[in-house]
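Asks: model this:
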Amino acid sequence: MIGSLASAWKLGDLRKKIIFTLAMFLVFRIGVHIPVPGINTQVIAELISKGQLLGFFDIISGGAFKKFSIFAMSITPYINASIIMQLLTVVIPYFERLHKEGAEGQKKMSEYVRYGTVVLGFIQAVGISIGLRSAIINPGWGSTIVIALSLTAGTAFLMWLGELITEKGIGNGISLIIFAGIVSRVPAGIVSLYEYLVAGTTNIFVILIFAVVGLAVIAGIIAVQEGQRRIPVQYAKRVVGRKVYGGQSTHIPLKVNQAGVIPIIFAISILMFPGTIASWFPANKFAVWFTNVFNFQTVLYNVIYALMIIFFTYFYTAITFNPNDIADNMKKYGGFIPGLRPGRPTADYISKVSSRVTLAGAIFLAGIAVLPSALMSVTALPLYFGGTSLLIVVGVALDTMKQIESNLLMRHYQGFLK
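Replies: Numbering: from 1, shown residues only. Sure thing, here's the model as predicted:
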């Protein structure tokens, strides 16, 4: 990896892209420290220390939520809008046609995602403003609207910044912004561990356990992210005029984790929403009971959380991966899986293999998601930088390095004459 970065730095155009990406990171980090007017940040910090959902938001936003800056919502409305657009592609024929129209259709869908980001961002900002009304210095509808507009504008700016990185920088801009936000929390986490060690709250043995578990999780994430089940495919020879086409062997790569981190985002959003609503009514007995029962450190919560992640992994994979389309395309171009007839038998076989592979990926995601709660129960340290954050960081780092290596390969390829 270090060698690839050194080689990329020597190439002028790649060096410009890397510098541009780093400059956009700097802009992002500056924006994290621009506060939203009319908010008592001490109250926000106390609320974050009590809830996993707010702590997760703070990690994703790179500490912007704790400071309640204009980037407090991070890029989550854009992610939600993208997920909704993918779901609509399956449900509504108009969006399905756009999806199949190629570059022009994708351009139109991206435009709808931008509009959806602004709308969802404003709705989420209003909800956050109402839910955190105890932190507003001068409560009222005027302050709520100002806060909501500030948060929405910050999210829209981050969306533009991410698209700018994708266009002129290296890697996927939206993913890199989330990556930068999470990585920026690492120094603060190290300082917190040191403070716990000095205060006697923890000991060096516990810190070593964290380090070993962290390295094991990173190794597991890399193995699962890169893991594939390759289904062999043979293409029959076709004679067109004087040329012979086909006859080669290839494979269909089925990733172990096809859904990425989307199932965790789905599950945590749905599972924590009732608890967030209940926290708005501290005097209500049912709300207090619900909050205590569905605390993120209880066994019941983690069991439900894991089951929801497994469900959403299958759900999202079923939406984004269609075995029938793959089987039809193979049949169209003369491809077949050895020992199987083209068409329906091939689709059934691909679906069966995909289901088994997805089960392994779903169990892995569930284990990664509940890992922080297990560690916090054992060590009693309130740390939120867990498996989900590592999954995002490692996944984005791998994808970015692949893009850098593909750019290097195009520039260093000598051709068959040499």
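
Asks: list the helices and strands the longest helix seen in the chain packs on?
Replies: If each helix of the chain is counted by residues according to DSSP state H, the longest one is helix 344-379. Using 3 or more Cβ pairs under 8 Å, 6 or more residues apart in numbering; DSSP states H and E, the elements in contact with helix 344-379 are helix 204-226, strand 228-235, strand 249-255, helix 262-279, helix 299-320, helix 323-332, helix 387-412. Heads up, the C-betas are built off the backbone N, CA and C, glycines and all.

Asks: What are the buried residues along the third one?
Replies: In this case it means strand 249-255. For strand 249-255, the neighbour count (16 or more other Cβ atoms under 10 Å) marks 252, 254-255 as buried.

Asks: same question, stretch 142-150
Replies: Neighbour-count burial for stretch 142-150 flags 143-144, 146-148, 150 (criterion: 16+ other Cβ under 10 Å).

Asks: next one: it to chain centre, how far?
Replies: Relative to its chain's centre, stretch 142-150 lies at 28 Å (Cα atoms, centre = their mean, to the nearest Å).

Asks: Strands - which of the buried residues of stretch 142-150 land there?
Replies: Under the assignment DSSP state E, these contribute nothing to strands.

Asks: Okay, domains of the protein per the record?
Replies: 1-172, 224-385 (automatic domain parsing).

Asks: can you redo the ones you listed as JSON lines with distance to Tyr194 and mean pLDDT?
Replies: Listed next are those as JSON lines, based on distance: least, Cβ to Cβ, whole Å; pLDDT from 0 to 100:
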{"stretch": "domain 1-172", "distance to Tyr194": "18", "mean pLDDT": "80"}
{"stretch": "domain 224-385", "distance to Tyr194": "12", "mean pLDDT": "78"}
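
Asks: Format those as a markdown table; extra columns: distance to Pro187.
Replies: Converted to a markdown table, the domains of the chain look like this (distance: least, Cβ to Cβ, whole Å):
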| stretch | distance to Pro187 |
| --- | --- |
| domain 1-172 | 10 |
| domain 224-385 | 11 |
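
Asks: Indicate which one of those is closest to Ser406.
Replies: domain 1-172 (10.4 Å; Cβ to Cβ).

Asks: Report the contact partners of the nearest residue to Leu87 once chain neighbours are set aside.
Replies: Nearest residue to Leu87, sequence neighbours excluded (Cβ to Cβ, 6 or more residues apart in numbering): Ile319, at 6.6 Å. By Cβ atoms under 8 Å, 6 or more residues apart in numbering, the contact list for Ile319 reads 86-87, 90.

Asks: At the geometric centre of this protein, which residue do we find?
Replies: Val261 (4.6 Å; Cα atoms, centre = their mean).

Asks: The residue nearest to Ile252 when sequence neighbours are not counted: neighbouring residues, count only.
Replies: Spatial nearest neighbour of Ile252, excluding adjacent residues (Cβ to Cβ, 6+ apart): Ile231 at 4.3 Å. Per other Cβ atoms under 10 Å, the neighbour tally for Ile231 reads 19.

Asks: Assess the claim that Ile231 and Ser351 are in contact.
Replies: No: counting by Cβ atoms under 8 Å, Ile231 sits too far from Ser351 to count as a contact (11.3 Å).

Asks: give the contact list for the closest residue in space to Thr388 that isn't next to it in sequence.
Replies: In space, and not counting its chain neighbours, Thr388 is closest to Ile264: 5.4 Å by Cβ to Cβ, 6+ apart. Shown in contact with Ile264 (Cβ under 8 Å, 6+ apart): 309, 365, 368-369, 388, 391.

Asks: now for those, which pair is the farthest apart?
Replies: Taking Cβ to Cβ as the measure, those span a maximum distance of 11.5 Å, between Ile309 and Leu391.

Asks: list the residues that contact both of the two?
Replies: 264, 365.

Asks: Spatially nearest residue to Leu120 (excluding sequence neighbours)?
Replies: Closest residue to Leu120 apart from its sequence neighbours, by Cβ to Cβ, 6+ apart: Pro77 at 4.4 Å.
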